[in-house]
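K.L.:
here's my sequence, what's the structure:
(one chain, ligands or ions: 2)
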Amino acid sequence: MFYIAPSLLAADFADLKNEIKRMEEAGANYLHLDIMDGHFVPNISYGAGLISSIRKHTQLIFDVHLMISDPLKYVDSFIKAGADIITFHYECSDRPMEIMNEIKSKHIPCGIAISPKTPAEAVIPFIGVADMILVMTVEPGFGGQSLIHECLDKVRILRREALARGIDLNIEVDGGINGDNAIHCTEAGANILVAGSSLFKSKKPKTIVHQMRLAAKEHPFLG
Ligand code: DX5
Ligand code: ZN
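P.N.:
Ligands and ions are numbered 1, 2, ... in the order given. Here you go, the predicted structure:
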């Protein structure tokens, strides 16, 4: 399956209810929620309180991306707030597999993210364990950056590896994605596209969603 995940970070925070509605009407599947702690990344976003406030206004799947140093400390509060999938960063700990097992023991789907400098090989042991692998296509911390094309090579490696094992792996890409470069992402083998600025800053997000869906039709999971 192919999913489009608008990143709320680029929304107008004074008008969240309508901003979310706009994304639903545009045809989004997920709502990507970036949690930044000012420690793991040099920026602070929002927390579980905001997630629980918007939870009652939408059925979109809440895709929570934890860019924080100590995910286990906060995971329960994000589950309580209404997260549907929780992704933490490989780089936040020396024992990422333990964190993954701990989160999964709470019966919530769990993803693992890699920043641009982390090689794909680091998360190969998570294929078949993680519900999703998130390949960052910008340095985490800020919206509105340009996609680093070399990161898509990692998507290729992971898709190939998953296909070789017969595993239908969810691979998400995040950062600098728009209607034009979506095709490069799907060609590499991504099936979940996060897009902040390109969707929220557009007056016609539906057109971009359409472009992204065409990109997925052209390259359905070939890796
Ligand atoms: C970056 C975040 C992204 C970001 C994407 O640290 O993880 O989800 O909001 O925003 P754009 O699409 O504007 O790069
Ligand atoms: Zn993100």
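K.L.:
where are the low-confidence patches of the protein?
P.N.:
Where the chain drops to pLDDT under 70, the residues are 221-223.
K.L.:
which residues sit in contact with the residue of it found nearest ligand 2?
P.N.:
Going by CB to the ion, ligand 2 is nearest to residue 65 of the chain, at 3.8 Å. For the C-beta atoms, the positions are set from N, CA and C on the backbone; glycine is no exception. Listed by CB atoms under 8 Å, 6 or more residues apart in numbering, the contact set of residue 65 reads 32, 33, 34, 35, 87, 113, 134, 174, 194.
K.L.:
flag every residue of the chain that's near ligand 1.
P.N.:
7, 9-10, 32, 34, 65, 138, 140-145, 174-177, 194-198 (CB under 6 Å from any ligand atom).
K.L.:
can you tell me how far residue 78 is from residue 175?
P.N.:
As for residue 78, its distance to residue 175 is 21 Å (criterion: CB to CB, to the nearest Å).
K.L.:
which of these two has more residues huddled nearby?
P.N.:
Neighbours around residue 78 and residue 175, counted as other CB atoms under 10 Å, are more numerous at residue 175. The numbers are 27 against 23.
K.L.:
now do the contacts for the closest residue to the more buried one other than its chain neighbours.
P.N.:
Among residues not flanking residue 175 along the chain, residue 138 sits closest, at 3.0 Å (CB to CB, 6 or more residues apart in numbering). Residue 138 sits next to 116, 145, 146, 147, 148, 174, 175, 176 when contact means CB under 8 Å, 6+ apart.
K.L.:
just checking, which of the residues of the chain next to ligand 1 belong to helices?
P.N.:
Here DSSP state H is the test, and the residues of the chain next to ligand 1 give 197, 198 as lying in helices.
K.L.:
from the residues of the chain next to ligand 1, list the buried ones, please.
P.N.:
Among those, those buried by neighbour count (16 or more other CB atoms under 10 Å) are 7, 9-10, 32, 34, 65, 138, 140-143, 174-177, 194-198.
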